[in-house]
Structures are given as structure tokens and as C-alpha cells.
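Colleague: Quick one: sequence and predicted model below, then my questions.
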Amino acid sequence: MFVAVIGCGTIANASHIPSYLKNPEVRIKYFCDIIPERAAAAVEKYGCGMAVTDYRDVLKDPEVEAVSVCTPNNMHSVIAMDALRAGKHVLCEKPAARTFAEALEMQKVQHETGKVLNIGVVNRFNDSVRRIKEYIDTGKLGDVHHVYVSFRSHRSIPGLGGPFTTKAIAGGGALIDWGVHFLDIVMYCTGDPTPVTVTGETFCKLGKDMPNYIYKNMWAENTKDLNGTYDVDDSVTALIRTSGPVITVMGAWAQNIGENEMYIDFMGDKGGIRLQYGVKFTFYSAECGSLVSYEPDFNMTDMFQNEINAFIDCIRTGKKLASHIDTVIITAKMMQAIYDSAEAHEEIRL
Ligand SMILES: NC(=O)c1ccc[n+]([C@@H]2O[C@H](COP(=O)([O-])OP(=O)(O)OC[C@H]3O[C@@H](n4cnc5c(N)ncnc54)[C@H](O)[C@@H]3O)[C@@H](O)[C@H]2O)c1
């Protein structure tokens, strides 16, 4: 199967391209980037494909069956919808889009065309996350009534002043960039419950005085632009009531607390789980009059490889994946409600 990678920046080079190259069914026909050197560098580095700067050239080629959209968020919906309408299957990076309205348009076009539209909620392909879902589904936690989500970092604003911190490009900050993964894990593990009410507040504090933002290192340092824009949330708090558990959210790209606390606590009446984000988890319970806890031992496979393999496989089999737009749209709705609630300073009923 011929595929193309649209947007040849960090995530394309770190995960999509290497994972396609390791999938025996796939050949990458195009590397597309509006920066010609990036597309050309990919051809040179990986020794395959053609470099193009306009994604519409990729979409004109009938041999290309599927594309990865790895551009900044503002181009996700435009490119994904054009690709679907051109008959291509799409794996679009997270978040689906900048707003719920954009994500809904994408879903509509997916329904019209019938082509695959998966979103890069890659944790649905993570071994720890999948095991936690099994723990919950098989009743080991009992009634999971509350989930606490913490994605708090001391200093981790990405690409200060660049696309990540410009609302018109990214749609938001810490919540849409990191929170999307955390909320998605909660939704997946607890069976995609329906959100009912959302109350949230977002704060744009530590990054907005860009010259005086002190940090040690920065993701996407190459996109930093101190003359650019910082108008997104660098921290967020929210309470979401759902048809399942209540979800409490605390997130920060930057905070004046010198800890990085990246975890999710699933609290059930029989057991609880703390997932350390990206790694393993601990199960807590009580047994025969004592408190017990253990860390399950298993091999971790590469979630990005799993995601790409599943994407290719579902194109062949027609199987609907857990990362389909129909599922991910609920998280887009919740994040929009948090932003709307923060703007109105009141609860939103969905
Ligand atoms: N799944 C994850 O864990 C994860 C991690 C990092 C980034 N991401 C997501 O991946 C996306 C890209 O992030 P990144 O860190 O790779 O950014 P990046 O800036 O490193 O790369 C984006 C690339 O897209 C190119 N581009 C922009 N507009 C384009 C267009 N119209 N056509 C073709 N190319 C275009 C840019 O020139 C750039 O090379 C974002 O949506 C981000 O949220 C996901």
C-alpha cells in the first residue's frame, strides 16, 4: 500500500515515518512539507519517496491509499477533509482539530466518504493503558466513581511564541496539547462514558511574559519565537461529570511548583490504579485484612508502531478502531466545554 506523510516535522520523524518503514505492507510514496528542505531531507534520510510541498499533489495521485496528517493543528481539519474527499484514508495527529466545530466537520466528511479517519490518540495502543482497561472491564476496581488526572509540569511550555502557543494555530495550550491524551486515556479505560456537565478554568500566566519565562529545556525549541504569540492556557483545572466516573483535571505546562506530576488515578470501591503516564501502573486494593499493592510486570511494545499497524490493518479489514473520529469526538466536545466554561466562568451542561 502506498502512503504519504504530510508534515515532516518532529512527530512525523519520531514516529509515523519509522513506523511506516517497519510495516511490510507499506511504501511511503511522498514526503510533503511546506518547508521544501524538510520534505527533501526526509527523502534523503529514508532513501525512498518523493518530496512535495503542496499536499494537493499527493491527493491527486490515485496510487496513494492513505495519508498521515502531521501538521500543526490548524491544518488538521482542512487536510484531513480534502484527503477523505479525494478517497484517501487518514490518520490525523491529535488533537482532532482546534475546536469541536472543526472536529464535527471532519466527522461529517468521514461519514459522507466512508473512508477511515483515525486520530492520533496513540495511548489507546499503549500496553499499560490497554491493561488498565482490562482491569476495569473485568471488575477488579469495582465501581470506578472518580478519576483524577494530573498533567502538571514545572517548566515544559513547548516552542514558546511559536505554533504551539498561538491560539489561532493550536486552538489552545496545555489542555488541547497534553490534556487531550490524558482525557482520552480516561475515556478509553472507563468505556467512553457520556459527559454530562463540565466546569473549568484556564489560566494564561507563566508563558505570557515571554522574555522572563525561565526554563531549563524546551520541547520544539526550534519553533520558539519571542516576537511571536503566547495567548493559550498554560494551566487548567476542570470537573467533568459523566455517565460513568467524575473526572477531575489539573494540568499545567508550567507552574511554580517544582514537580512533574504526570499520572492518572482511577478510583474504584474495590481497587484503584495509578498510571504513571507513558510507563507502568500500580494496582491498590485490600485483601484478607491487609492492604496490598503491586506493579504488574509485562513487556511494553511501541505504541506508535501499534497505532500505524492498526491503521493499515483496519483499512484492509474494515474494522473500526478505538481511535476512530466517532470516539475521539467526545473528548473534543469535553475540551471545548472546558474552554467555553472557562470563558463564561460557569458550568456547561452538554
Ligand atoms: N501523538 C503525540 O504524542 C504527538 C507528539 C507531538 C506532536 N503531536 C502532534 O503532531 C502535530 C505536529 O507536531 P510536531 O511537533 O511534529 O510539529 P512540527 O512543527 O515539528 O512539524 C509540523 C510540520 O508540518 C509542516 N506543515 C505546516 N503546514 C503544512 C502544510 N499545509 N502542508 C504540509 N506541511 C505543513 C511544518 O512545516 C512542519 O515541518 C501537532 O498536531 C501535534 O499536536 C502529537
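Modeller: That came in fine, so what should we check first?
Colleague: so where do the helices sit in the stretch 1-150 of the chain?
Modeller: Remark: helices assigned in the stretch 1-150 of the chain by DSSP state H, counting those that start in this stretch are 10-11, 17-22, 36-46, 55-60, 76-85, 100-113, 127-137.
Colleague: now Val116: how far from Lys319?
Modeller: 10 Å (Cβ to Cβ, to the nearest Å). Just so you know, the C-beta spots here come from the backbone N, C-alpha and C atoms, and that holds for glycine as well.
Colleague: now do Cys204
Modeller: In this view, Cys204 and Lys319 are 41 Å apart by Cβ to Cβ.
Colleague: go on, Ala86?
Modeller: Ala86 is 23 Å from Lys319, by Cβ to Cβ.
Colleague: Looking at these two, which has the bigger crowd around it?
Modeller: Using other Cβ atoms under 10 Å as the criterion, Ala86 and Lys319 rank with Ala86 on top: 19 against 11.
Colleague: Can you get me a residue count around the nearest residue to that one once chain neighbours are set aside?
Modeller: Among residues not flanking Ala86 along the chain, Leu59 sits closest, at 3.9 Å (Cβ to Cβ, 6 or more residues apart in numbering). Leu59 is flanked by 22 other residues according to other Cβ under 10 Å.
Colleague: what do you get for Asp137?
Modeller: Applying other Cβ under 10 Å, we find 12 residues neighbouring Asp137.
Colleague: The residue nearest to it when sequence neighbours are not counted in helix, strand or coil?
Modeller: What sits nearest to Asp137 in space, not counting adjacent residues and going by Cβ to Cβ, 6+ apart, is Gly191, at 7.5 Å. Three-state assignment for Gly191 (DSSP: H, G, I helix; E, B strand; the rest coil): coil.
Colleague: got a list of what whatever residue of the stretch 251-350 of the chain ends up closest to the ligand touches?
Modeller: Going by Cβ to the nearest ligand atom, the ligand is nearest to Phe304 of the stretch 251-350 of the chain, at 7.6 Å. Phe304 makes contact with 14-16, 18-19, 122, 125 under the criterion Cβ atoms under 8 Å, 6 or more residues apart in numbering.
Colleague: give me that answer again for 7 Å
Modeller: Going by Cβ atoms under 7 Å, 6 or more residues apart in numbering, Phe304 touches 15, 19, 122.
Colleague: Out of the residues you listed, which comes closest to Ala286?
Modeller: Checking these against Ala286 with Cβ to Cβ, the nearest one is Val122 at 34.0 Å.
Colleague: I figured that closest one hits Glu307, correct?
Modeller: Yes. Val122 lies in contact with Glu307 (Cβ atoms under 7 Å); the separation is 4.9 Å.
Colleague: measure the residue lying closest to Lys29 once chain neighbours are set aside to the ligand for me?
Modeller: Closest residue in space to Lys29, ignoring its immediate chain neighbours: Phe2 at 4.3 Å, by Cβ to Cβ, 6+ apart. According to Cβ to the nearest ligand atom, to the nearest Å, Phe2 and the ligand sit 18 Å apart.
Colleague: What count of nearby residues applies to Phe2?
Modeller: When neighbours are defined as other Cβ under 10 Å, Phe2 has 16 of them.
Colleague: So it is in contact with Val67, correct?
Modeller: No. If you go by Cβ under 7 Å, Phe2 and Val67 don't touch, sitting 10.0 Å apart.
Colleague: State whether the residue of the stretch 251-350 of the chain closest to the ligand is indeed within a helix.
Modeller: Yes. According to three-state DSSP, Phe304 belongs to a helix.
Colleague: For it, which non-adjacent residue is closest in space?
Modeller: Closest to Phe304 by Cβ to Cβ, 6+ apart is Ser15, at 3.7 Å.
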